[in-house]
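[1] Turn this into a structure:
(chains A and B)
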Protein chains: 2
Amino acid sequence: MKKAVVLLSGGLDSTTCLYWARKKGYKTFALLFDYGQRHRKEILCARRIAEMCHTPYHVVRFALPWGKNALVGRSVHLPKGRQPEEMVTGAIPPTYVPARNTLFLSFALSYADAVGPACRPRYIQAMRNVALLGTKSGVEGKKIEILAPLIRMSKSQIVRLGARLGVPFNKTWSCYAGGRRPCGQCDSCVLREKGFQESGFGLKILKEKR
Amino acid sequence: MKKAVVLLSGGLDSTTCLYWARKKGYKTFALLFDYGQRHRKEILCARRIAEMCHTPYHVVRFALPWGKNALVGRSVHLPKGRQPEEMVTGAIPPTYVPARNTLFLSFALSYADAVGPACRPRYIQAMRNVALLGTKSGVEGKKIEILAPLIRMSKSQIVRLGARLGVPFNKTWSCYAGGRRPCGQCDSCVLREKGFQESGFGLKILKEKR
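    Okay, the predicted model is just below:
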C-alpha cells in the first residue's frame, strides 16, 4: 500500500487533498504545523479531521523569529474586504510567510523519508529534485513523489471535487482571523465564498460551523 | 553590501564557512538549530563563535517526532571507532536525520527571504531552483544565491582554508557525543582528526578545549 504524507491545515484545499489521497488508495499520514498562527482554530480543525479519517498525524512546532506578517502574531494588519481580483494580480500579500511552503514541504520530505514511501508546478518540480537528491530514500533509489493534485484547479473545482469525495466542509476552517465564526472579509474567506458560489452548490455548504 | 545567511553548527566546516563569507565581504547572519540534539555543546559553541564575529544570529527550534537517529535523543547507538573508509562507502549512517539539510536550507531560505538577500552540488542546484521559485524574493526577481564554498573540499583542505582565515579551531565542536571533551571515537571526531593530520598542521590545533 503506497503511503502519502498530507500537509493538513484544516482548510478546504488540504482537507480535499487528504480525501483525494484516501480515495486514491494511499495510506495517509498528516502533518499539521504550529508556527505561531494568530489563532489555534485551524490546528484544532485539522486534528479533528485527521481523527475522523483515522489518519495518523504529527503537529510540528517551529517559530520563525523573522519576517513579520499578518498570519503570525498581531503586529501586521490582516487585510479585509479585498476582491478576488485584487489578490491574484501578482502582488505578494501581507499574509506571506517567508518560504513557508518550502518549510512545509521540507518537513513533509523529512516525514516521508522517515515513514518510508505533496503550489506552482515548476516549484513542485524543483522540490521533486530536492526529494530525489536530498533524502536517504531518494539516494537509495526509493521513490518519494510530491503529488499536487489540486495545483491546476480553481477554488470552485476544488469544491466540486471535495463534494464528490465527501469532504466535511463544515469541519474545515479557512478564515485567517480567529473569531468564533469566519470573518467573511479576509482574503481566504472571500476566495472560499467565491469558490462555493461558482461551484454551483451555492452557499448551503459554505458555512463553517463550530 | 551583500548579505549571507550562514548555517552555523559550531563545528569545523560551518565555522570555516562563516569566516569565508566574512572574508569575501558579506554581511553575515547566522542560523543555529536546536532540534533536540543529544547535547547542547554545539549550540553553545556556535553562539560563542557568532558573538565573537559580531554576527547576528537566531536559534531555530524545531522537533522531528519521527526518524529516530543517533544524533537526537539517546535511543540509537552512536557508532564509535569507525575508520574513515567505513564512513564514505555509501551507506547512510545511524546519525542520519531525515532530510535535515533540506530543513536547514529551507529555514535559511526563509531567513534570507526575510532579511533580503547560502552538500552535494546537484542537490544545491535543486535547492537553488527552490530558492528561485519558492520565495518572494525569487519571484520578485531578487537574487537569493546558495553558496557552498567547501562543497568540493576534503576535510584537510577545509582545515588549511580555516587556518588561513584565522578560524578559532579550539572554539569549534565537532564531536557527536556531549562529553566534557571530544570522545575521539565517533565518526565526526575521526574525520576531524584525519583532516588535521592530513592538513600538515598535525594535531597541535586539533584539541577542542572547553
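[2] And the strands in chain A?
    Defined through DSSP state E, the strands belonging to chain A, from first to last, are A:3-7, A:27-34, A:57-61.
[3] Mind putting these into TSV with mean pLDDT and distance to chain B?
    The way it works is simple: take the backbone N, C-alpha and C, and place the C-beta from them, glycine included. As requested, the strands of chain A are exported to TSV (pLDDT from 0 to 100; distance: least, CB to the nearest CB, whole Å):
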stretch	mean pLDDT	distance to chain B
strand A:3-7	86	10
strand A:27-34	92	9
strand A:57-61	92	5
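[4] Which among those is found nearest to residue B:36?
    Closest approach to residue B:36 among the strands of chain A is made by strand A:57-61 (11.7 Å; CB to CB).
[5] Provide the strand pairings for the closest one, with the direction of each partner.
    Sheet pairing of strand A:57-61 (DSSP bridges) gives strand A:27-34 (parallel).
[6] Can you give me the buried ones in the partner strand?
    Neighbour-count burial for strand A:27-34, with 16 or more other CB atoms under 10 Å in any protein chain shown as criterion, is recorded at A:28-33.
[7] now do stretch A:176-191
    Judged by neighbour count (16+ other CB under 10 Å), stretch A:176-191 contains these buried residues: A:176-177, A:182-191.
[8] Also stretch A:162-181?
    The neighbour-count criterion (16+ other CB under 10 Å) identifies A:162-163, A:165, A:167, A:169, A:171-177 as the buried residues of stretch A:162-181.
[9] cool, and stretch A:46-55?
    Along stretch A:46-55, the positions that meet the burial threshold by neighbour count (16+ other CB under 10 Å) are A:46-47, A:49-50, A:53, A:55.
[10] try stretch A:57-64
    Taking 16+ other CB under 10 Å as the neighbour-count basis, stretch A:57-64 is seen to contain the buried residues A:57-58, A:60, A:62, A:64.
[11] send the alpha carbons of it over as CSV?
    What follows is stretch A:57-64 as a C-alpha-only set of coordinates in CSV (Å, rounded to 0.1, in the frame of the first residue of the first chain):
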residue,chain,number,x,y,z
TYR,A,57,-0.7,12.9,12.3
HIS,A,58,2.0,14.9,13.9
VAL,A,59,1.9,18.5,14.9
VAL,A,60,5.3,20.1,14.0
ARG,A,61,6.1,23.2,16.1
PHE,A,62,8.5,25.8,14.9
ALA,A,63,9.0,29.5,15.2
LEU,A,64,10.3,31.9,12.6
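[12] Mind listing residues that contact it?
    Judged by CB atoms under 8 Å, 6 or more residues apart in numbering or on different chains, the contacts made with stretch A:57-64 from elsewhere in the structure are A:8, A:29-36, A:43, A:46-47, A:50, A:72, A:97-98, A:103, A:107, A:111, B:60-66, B:107, B:110-111, B:114.
[13] Report the helix or strand with the lowest average pLDDT across chain A.
    Using mean pLDDT, DSSP states H and E, helix A:136-139 stands out as the lowest-scoring helix or strand of chain A, at a mean of 62.
[14] Point out where chain A drops to low pLDDT.
    Counting by pLDDT under 70, chain A contains low-confidence ranges at A:38, A:67, A:70-75, A:84, A:86-92, A:116-124, A:131-140, A:142-148, A:178, A:202-210.
[15] Could you point out the longest helix of chain A?
    Longest among the helix segments of chain A by residue count, using DSSP state H, is helix A:100-115.
[16] Do that one and chain B come into contact?
    Yes. For helix A:100-115 and chain B, the contact criterion (CB under 8 Å from any CB of the partner chain) is met by A:100-103, A:105-107, A:109-111, A:113-115.
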